Each structure stands twice: as structure tokens, then as C-alpha cells.
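Asks: structure for this input, please:
(chains A and B)
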Amino acid sequence: MAFYDKLFNSLGLRDWCDSAGEGGLMSMADLLAQTGNTANTGPAFPFPSLDNLNKACDNFPQSRELTAGVEDAFLAVKDPLKLVLDPLTQPLSWLLDGALFVFGSIPWWILLPILFLATWYVSRSVAVTVFVAISLLFLGLIDHLDATIQTLSIIFVCTGLSVLFGVPIGIAMSKSNTLQRMTIPILDLLQTLPSFVYLIPLIFLFSVTEAKLYGIAIILYAIVPVIRLTDLGIRLVDKDVIEAANAFGMTSRQKLFGVEIPLALPNIMAGVNQTIMMSLAMVVIASLVSAPGLGVLVLRGIRNLELGVGLVAGLGIVLIAVILDRTSKAALARVNVAHKSQ
Amino acid sequence: MNKQAKSPQISIRGLYKIFGSNPKEVLPHVVAGMGKPELLAEHGHVLGLQDINVDMQDGEITVVMGLSGSGKSTLIRHLNRLIEPTSGEILVNGQDVLKMGESALRTLRQTEMSMVFQKFALLPHRTVQQNAAMALQTRGEPQDVQEREARKWLARVGLDGVEDHYPYQLSGGMQQRVGIARALTSNSDIMLMDEAFSALDPLIRTDMQDLLLELQKELHKTIVFITHDLDEALKLADHLVILKDGAVVQQGEPQEILLNPADPYIEDFVSDINRARVLRVRSVMHGLSADEDFAGDVNSTANLESLIARSGGDTSHKYRVVENGQAIGEIDMRDLVKALVPRASSGERSAAQL
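Replies: Below is the predicted model of the structure:
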């Protein structure tokens, strides 16, 4: 550190530096260096980082003050933020708890036929329906049906809400270049931020026992593709057709619902497919913050080193992923047939 | 022939369109006479249209012709303001389209103007019938009216039986028939046709031109037709406007333009076409002389080709020209032959250009 000591001395700042009084907090490395009584032999010209400068001159803050500052700032806004967000997001808790309760209390011999019928209605494909039936019956056979239903109901609620909010946001983005420029960095952030990282502020904001905690995490993570692909789909609608709609005097509303959304539907459906897959990915991680379902079993496998439990639950998640993907892809294929000419 | 008596249905006055970041600022340069290349080089703006003045009469087909980049598609989009002009006036039935508010403009597009597009621009997710009823649906007419009108016009353009098909199931020619039916169903006085037949192959194109002429004989719409094909222009036009680099080079009756091209650009254009088929007896005839020695009577609207066939190529004959049973002039076969030769033949023109 001698380099910066000399630098401040030669600049005549020594008095100013010492005026700060005692130096900052000591790091473990510093303590070890002192007790070992070895001279601090760092590089001759270290990088002028805050920690290095602080050693030479106490008036510089240490880097740990940054993380501490971020924490303090977050804690400072936490309470007012919570006051606003808590009631706003409360319906999400109700929805999730409600869905878990409803799907959990329907007896299996009613629920499974309903699921098969729903699959048939969405996909209109015998192969997909039979596959879904076999998979769910298999999961039931190995006593994973309850966890599977819990996972599916969480995905059901979160995907529904993602579409409900994502499609209008995507439409707004496609209409305004400014909004698109502003939104894309946020979407990039949501997609690249490691999923564990945005659990951290959520844990501080809401109580871990509340369903909305994992609900928000899943929705934030899964809403991105449906927004992006709605925006893209509407921007890709044939300009000639839009011109024709304008030439016949359609209002923006007629254009949106009569032309743009129907023509963007294949892209929007591809976004919904991605959203479903991403909420499944997140629902497993969300078991860390009390989301029920197959993720809990995976977590148990990791915590207790119960290899078999973890692997079987993992296999169940793969099966659910395949079921959801095939079903939504079959629905997408049906939409695409109606748009053959494009 | 009493065109002066009635006012034109569409009248374009001093229309300018400049593409670029600040068109208003460079407009004075263009008004002062700056050309397209200079404007691009010195100010970085593209001149779209330059001082366009055209009158389009009620019940006539006005054909706007020009090569690609001449601004013809830009011009037609100004009529219903799909493109905003830089300056000028467009009067439709005496009302300035450019001063209209949003809802007035929408009403104009819904009720007074319909449009047919080069690439058909049908809605792929709706059936042929729903496509044809698009204008009525936009206006909010009841379902049964939509259905009845759409079926009527689809049948009129020869498309009965495919009402419930989707556009992608039809050939290009049939898709454009849907496009025409869609425009007719809106029951507007004015039809804008933007290179409506350019994407079709030649035989289908001829069919569609005949269909349009046949419909026009019955419906008397005011049609603005854009094309880059001179044969098509001459076949359809009551009034022909020739655009070059965003300016009108010549406009008038097609026969007149053919016989008296105003500048080398148009001479070049008209030198390659089959004049015998396009020129009509009326355009080449003289007033009646005292001479009574006619080889026969010929209708004033017959084309020269038919007269040549009739005379067996003999140039010594004279024919009496009749219109509605009345003799209105005479035509000498020698004049006819002279009229077949352009003022500058195509060989000379291209040699001169090289």
C-alpha cells in the first residue's frame, strides 16, 4: 500500500486523510496479516480500488459500504413498498391458494377425466391425449399425483396471469417504439437475472409462508416470452393487410381485434408455450420459498441426499414438461393451420 | 362531351410530397423548381410528388401510368390519405380530404372510397365472403345485409360457390376477384385500384380488364387505376395521366396522347405499342367532304385493326364514319396507314438515346 501512502503524502493530503480518525473496518485478511506479523507485501502498484485507497487514506469509503448501502436503501423503501404491494398482490395469494385447494380437493376420478378432456379440447390430437393420460396415470401409480396436481395448478394460475398481463403489454410495445425501447432492457434483465437473485428482495418484502411470494417470482420470470412474442407478432403482421384495413376505414380497435391479434396469434401462442415451460422451470426453484409440488421432493432429495426421491421427482417434472409442451404445441399447430396462407 | 358542365369528382390541386426528416423546410426549393436528384444530393430529401394537378371525372376511369419510382402509388395513397402530403389540396366532391379530421376521414374511407391492392391484401383468417363484406362489417351493418351484399357481388365477379373458402385456397386471379368484390360491396362511388392486375399472369390480366370494363359499363364508378403497363392503360383509360419522377408529364385522352406525345419520354413509351389495335377510327378521321365515293360505313369507335382487316389491306378506299347512325366524318386508308407510324419509330428513338 506504500504506493498510495506516498501518493497522498506527496499531494499534501495526509492531514485531510488522517482527519477521518480511525480507519474503516478490518477485513479478515488484514487481521491475519497483523497476527502473522508479516509485512503487508501487496503488489507495488495495486489497482486504485476503494479498499486499497481506504488503507492509505481513511477518507475513502470501503467497498463493503456499497453493499451495505444497497441493503440500507432497500430496507428503507421496504416498508412503504410493502404497504403498496401487499394489498395489490393479495389476490394472487388467494388465486394460488384457491387453485391449490380446489384442484387438491377434487377426487382423482373426477379430476383426471377433466384433465384428459381439457387436453383433447385444446390439442384435438388422439396421440397427445393418450400420452397425457398414460403419463398422469403413471405419476399416480408411483404416488406422485398430489404433488403433480399442485405443480400443475400453480403453473395454471401463473401462466394465466402472465398471458393476461403479457399480451396487453406486448400490444402496447408494438404500438410505441419508445415503450419498446424502454421495456426491452427490463425484459432482458428479468430473463438473465439468476432466478435465485430475485427471490432475495421478495423474501424481504413478503412473508415466506405467503403464496404470492413464489407466484410473483414465477410470473416475473415467465411473463417475458409472451410479451416479446406478442410484440414481435403484431409488428410482423403483413403491412399490406394493415393498409387495406386502413383503406376501408377500420378504427384502431377493429384493426387490433379483427386483424392484428388474429394474424399475430401463431406468434402469441408460441410465446404462451414458452411461458408455460418457463413457469415450470421456476416452480421447481420456487420450492425454496415454500411452493408446494414436485419441487419440494427434489429439494428433499438434495437436502437429505435421498438420491432416489430426487431423481423420481425430477423425472416427474420432465414428464410434466413434455405433457405441457406437447399439448400447447398441438394447440399452436391448430392455430397455424388456420393461417396457412402466410 | 360536356365535361366542362359538371365539376370533377376528385380534383387534385398543387400536390407536393417530399419524403425526409423535414419536408416543410425544403418545400420552397422544390416549388422554386429544384429537381429530384439535386434535392437528394443537397438536402437529403426524396421528392415523391411535384405539383400534381389532375381532375378525375365522375363515372370515368382515370389511369395514372408511370414506371416504378415515378410516384404513382404514392399519388393514389394521397387520395384516401394513407400517406400525408407535404402541401396541396385534394377535393373529393368539393371537400378537402386533407382538412378532414380523423372521424370524417374514416367515414370517407368507409363510404366513399374503396381500394383494390396489387398484392390483394385479403384477410387470411376470414372466409371469402367475410372478406367481401369487410367494408360493411367495418361500418357495422347487420349480419344479413353483409351476407346478402357480399354474395351478390361475389356472384357478379364470377365467384359463386367459393364463399366459404379461405383466400389461400384460391388462385391469384380469384383472390383479386375477391378484392374487387370487396371494393364493390362497399358501394362507394370511387374505386382506387393500385396496380390491381400487375401481379396476375397475362391471360388472367386480360380477363380481369374485361371484367372491369364490363362492370364499369353498368356501374359508372369513378375509378382511379394505377399501372405501369401502357397497353393496360390504353385499354382502360378514359383519361390518362403519365407520371415521371413525381411530376405529370402529360395528361389527356389516351388517343390524343398516342397521336401527339408531348415529350421524348412519352414518345419512347408509345413507340412500342400496337397502334392499330389502340387507335380508333374517331381519332384519325376527317370531317365529311363532298365526296360520295365510300367503300362502306364504319363505326367511330372501331379500332384501326378491324378496318384494315375489312379493307383487305387496300389503301385506296375511303370509309364513312358513323356514330349512333349519323355520319360524322370520313376516313382515308392512306391517313390510317400514316397514323400507324409513330412520330419517331422505336428504332430511331432507341438509337437516339444511345
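Asks: use CA for all of it now, contacts and neighbours both
Replies: Fine.
Asks: okay, now residue B:154: neighbour count?
Replies: By the measure other Cα atoms under 10 Å in any protein chain shown, the count of residues near residue B:154 is 27.
Asks: how near is the closest residue to residue B:119 other than its chain neighbours to residue A:143?
Replies: The spatially closest residue to residue B:119, leaving aside those adjacent along the chain, is residue B:199, at 6.9 Å (Cα to Cα, 6 or more residues apart in numbering or on different chains). According to Cα to Cα, to the nearest Å, residue B:199 and residue A:143 sit 63 Å apart.
Asks: those two: which is more packed in?
Replies: Neighbours were tallied for residue B:199 and for residue A:143 using other Cα under 10 Å; the higher tally belongs to residue B:199 (16 against 11).
Asks: helix/strand/coil for that one?
Replies: Taking DSSP: H, G, I helix; E, B strand; the rest coil as the rule, one finds residue B:199 in the coil state.
Asks: point to the residue nearest the middle of the chain.
Replies: This is for chain A. In chain A, the centroid-proximal residue (Cα atoms, centre = their mean) is residue A:221; its distance is 2.0 Å.
Asks: can you look at chain B instead?
Replies: Geometric middle of chain B (Cα atoms, centre = their mean) lands on residue B:63, at 1.8 Å.
Asks: please, which helix or strand holds it?
Replies: If you go by DSSP states H and E, residue B:63 is part of strand B:61-65.
Asks: in the helix or strand just after that strand, what's buried?
Replies: Using DSSP H and E, the helix or strand that follows strand B:61-65 towards the C-terminus is helix B:72-79. For helix B:72-79, burial by neighbour count (16 or more other Cα atoms under 10 Å in any protein chain shown) applies to B:72-79.
Asks: and the furthest pair within these?
Replies: Maximum pairwise distance among the buried residues of helix B:72-79 (Cα to Cα): 11.4 Å, between B:72 and B:79.
Asks: low-confidence bits of the stretch 151-300 of chain B, can you list those?
Replies: Within the stretch 151-300 of chain B, the ranges that satisfy pLDDT under 70 run B:291.
Asks: in it, which residue sits closest to chain A?
Replies: residue B:168 (4.9 Å; Cα to the nearest Cα).
Asks: that residue should be in a helix, yeah?
Replies: Yes - secondary structure of residue B:168 (three-state DSSP): part of a helix.
Asks: does it really touch residue B:125, like I thought?
Replies: No - assessed by Cα atoms under 8 Å, residue B:168 is found out of contact with residue B:125, at 9.4 Å.
Asks: how about the residues of the stretch 101-250 of chain A that lie near chain B?
Replies: Counting by Cα under 8 Å from any Cα of the partner chain, the stretch 101-250 of chain A comes close to chain B at A:240-241, A:243-244, A:246-250.
Asks: I'd like those laid out as CSV, including pLDDT and secondary structure.
Replies: As requested, those are exported to CSV (pLDDT from 0 to 100; DSSP: H, G, I helix; E, B strand; the rest coil):
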residue, pLDDT, secondary structure
A:240, 93, helix
A:241, 94, helix
A:243, 94, helix
A:244, 94, helix
A:246, 94, helix
A:247, 94, helix
A:248, 93, coil
A:249, 92, coil
A:250, 94, coil
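Asks: Serialize those to CSV and add fields for neighbour count.
Replies: Converted to CSV, those look like this (neighbours: other Cα atoms under 10 Å in any protein chain shown):
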residue, neighbour count
A:240, 16
A:241, 21
A:243, 16
A:244, 21
A:246, 19
A:247, 23
A:248, 27
A:249, 26
A:250, 24
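Asks: in the helix or strand containing residue A:326, what's buried?
Replies: Using DSSP H and E, residue A:326 sits within helix A:307-337. Across helix A:307-337, burial judged by 16+ other Cα under 10 Å covers A:309-310, A:312-314, A:316-317, A:319-336.
Asks: give me phi/psi at residue B:47?
Replies: In terms of degrees, to the nearest 10, the main-chain angles of residue B:47 are phi -80, psi 120.
Asks: pairing-wise in the sheet, spell out the partners of it.
Replies: residue B:18 (DSSP bridges).
Asks: contact partners for it?
Replies: Applying Cα atoms under 8 Å, 6 or more residues apart in numbering or on different chains to residue B:47 gives the contacts B:17-19, B:35-36, B:39-40, B:245-246.
Asks: one more: residue A:146?
Replies: A:104, A:140, A:293.
Asks: now the lengthiest helix in chain A, how far from the centre of its chain.
Replies: The longest helix of chain A (DSSP state H) is helix A:64-105. Averaged C-alpha coordinates place helix A:64-105 at 14 Å from its chain's average position (Cα atoms, centre = their mean, to the nearest Å).
Asks: show me where chain B has its strands.
Replies: Secondary structure of chain B (DSSP state E): strands located at B:10-19, B:46-56, B:61-65, B:87-92, B:95-96, B:113-116, B:190-194, B:222-227, B:239-244, B:247-252, B:297-299, B:318-323, B:326-332.
Asks: how about these, which one is nearest residue B:142?
Replies: Judging the strands of chain B by Cα to Cα, what sits closest to residue B:142 is strand B:113-116, at 19.6 Å.
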